[in-house]
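>>> let's see this in three dimensions:
(one chain, ligands or ions: 1)
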Amino acid sequence: MTALPPDDFALAARSTPLARFVLDAIDATEARRITFAEFMALALGHPEHGYYSRADLAWGARGDYETSPEVHPIFGYLWARQVLECWERLGSPARFDLVEVGAGSGAFSVAMLTWLRARAPECFAAVRPVLLDGHPHRLAAQRATLEAAGFTAEHALLDDSLARPERVTGVVISNEFFDALPVHLVTRRGDDLREWYVARAVLGSPPGSAPSPLAGEGRAGGPPDLDALTLVEDTPSTPALAEHFARLGMLPGDGARAEVGLASIEAMHRIAAKIERGYVLTIDYGYEARDLYASWRREGTLMAFRAHSPVPDPLSEPGRTDLTYHVDLTSLAAAALDAGSDSDGGWHAAPPTSQAEALTVLGLPDALRAAESRAAEDALRFLGDRRAADTLTDPTGLGRIRVLALARGVDLDGLACLRTVGEAYGERAPRA
Ligand SMILES: C[S@@+](CC[C@H](N)C(=O)[O-])C[C@H]1O[C@@H](n2cnc3c(N)ncnc32)[C@H](O)[C@@H]1O
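Alright, predicted model coming up:
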């Protein structure tokens, strides 16, 4: 028998149903490479095998990562208090749009609507809930979740909704939506901006290209893996990348890798253009541009996750791996401000705050006190509630998520979620 290297447990795992489509997309190009943004769009959004298009996508503890609405409904209850204030600031209109973009399992909308129905029936009667997502499987699952909780909402594909002429009066809210949109990967070399492309590891690398900055998995020794992917560096695919940094008046550190979320900036621009009067509340991992592109940040913020663990190679197991990054909050705010001039109502942006601060000033300590007062009746429940509060405000985890608040044609000053703890509680210090 021919002498072969030892068998490789990783081989089957590397070959996902989507891998073939990625290789076909690479082979269909003249340069035999696609931008990382094109790769990420396929990996997350391919109509059949993309991470967010799969019928069997699991959320929360059973999925690959846990988002705040999956930790505990208190997250949605507290944000519903903010929604109520937005409705009041808009003059308590008889019809009020509550739009959630990238609604995941539907848990966030269910929690907000549950609170409004119980605590603010007048506002609830005015609310027209809309859930927008990127794939029919997600819409169907969200519809089933809302119906099971007794709510009727409009469910639509984001692109279809944005293409319609109707404008929104109300609140557009999202949690970890923008950080799931495709990014271009770039590196600055002196005065030049370069871009990273995805190519076949063995056949695709153009002569002279730099080695991939991302780790490969299980490729040491053995025969060459003809289907393996790598990153190769070349001139940018679009002038929009250099224009992005020119607009910001900064560049990443020399030799550092960075992400440019052109898709998230465009999405924010289109969402903001839909709003007649109201608020956009964006809850997402992110930084202001000066922090995102600080010269000390050498590896960017791109991360890959499977089963709650970071994965070293974002190119591995496409379609089974969640890919995410930290959004550029400065550019997201600018994209909204660009969408409407002061003469037609104007957009206003507030400096971003953290989730830990926002949930605290929206009433998390008071909710905990109420839970504590019932601890003797149901200690386990209280302990679970307290653990959830810690998780949602953990400054090294979900608590460091940022909140970007934008408003058009309505006051942003003093919005409940933007207050400092001192402003919200005065002398009465919150007890967390
Ligand atoms: C990280 S998940 C967050 C889900 C939910 N908001 C939560 O917090 O649990 C990202 C969400 O954005 C949706 N999404 C991703 N790409 C999208 C796109 N291009 N258009 C609309 N929705 C998209 C996904 O299907 C998913 O619902």
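
>>> pLDDT below threshold where in the stretch 301-432 of the chain?
341-345, 427-432 (pLDDT under 70).

>>> kindly recompute the last result at 50.
432 (pLDDT under 50).

>>> now the helices: where do they sit in it?
Ranges of helices in the stretch 301-432 of the chain, per DSSP state H, counting those that start in this stretch, are 329-337, 355-361, 364-373, 379-393, 421-425.

>>> also the stretch 1-150 of the chain?
10-14, 17-27, 36-45, 68-71, 74-89, 107-119, 121-126, 136-148.

>>> how about these in a markdown table, adding mean pLDDT and mean neighbour count?
For glycine as for every other residue, the C-beta is placed from the backbone atoms N, C-alpha and C. Shown next, in a markdown table, are the helices of the stretch 1-150 of the chain (pLDDT from 0 to 100; neighbours: other CB atoms under 10 Å):
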| stretch | mean pLDDT | mean neighbour count |
| --- | --- | --- |
| helix 10-14 | 54 | 14 |
| helix 17-27 | 94 | 17 |
| helix 36-45 | 97 | 24 |
| helix 68-71 | 96 | 23 |
| helix 74-89 | 98 | 22 |
| helix 107-119 | 98 | 22 |
| helix 121-126 | 98 | 16 |
| helix 136-148 | 96 | 17 |
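
>>> now the ones you listed as TSV including distance to Arg386?
Below are those laid out as TSV (distance: least, CB to CB, whole Å):
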stretch	distance to Arg386
helix 10-14	38
helix 17-27	41
helix 36-45	34
helix 68-71	12
helix 74-89	11
helix 107-119	18
helix 121-126	28
helix 136-148	26
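
>>> out of these, nearest to Pro236?
The minimum distance between Pro236 and these falls on helix 36-45, with 11.2 Å, by CB to CB.

>>> relative orientation of the closest one and helix 17-27 in degrees?
Inter-element angle recorded for helix 36-45 and helix 17-27: 150 degrees (by axes from the mean of the first three to the mean of the last three CA atoms, to 10 degrees).

>>> CA atoms of helix 36-45 as PDB?
Backbone C-alpha positions of helix 36-45 (Å, rounded to 0.1, in the frame of the first residue of the first chain) are rendered in PDB as follows:
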ATOM      1  CA  PHE A  36     -12.600  39.600   2.000                       C
ATOM      2  CA  ALA A  37     -15.900  41.500   1.900                       C
ATOM      3  CA  GLU A  38     -17.100  39.200  -0.900                       C
ATOM      4  CA  PHE A  39     -15.900  36.200   1.100                       C
ATOM      5  CA  MET A  40     -17.700  37.400   4.200                       C
ATOM      6  CA  ALA A  41     -20.900  38.200   2.300                       C
ATOM      7  CA  LEU A  42     -20.900  34.600   1.100                       C
ATOM      8  CA  ALA A  43     -19.900  33.100   4.400                       C
ATOM      9  CA  LEU A  44     -22.700  34.900   6.300                       C
ATOM     10  CA  GLY A  45     -25.300  35.500   3.600                       C
END
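
>>> can you give me the offset of stretch 130-150 from its chain's centre?
18 Å (CA atoms, centre = their mean, to the nearest Å).

>>> ok, which residues in the protein are in contact with the ligand?
44-45, 52, 67, 69-70, 102-104, 108, 133-134, 138, 158, 175-177, 180-181 (CB under 6 Å from any ligand atom).
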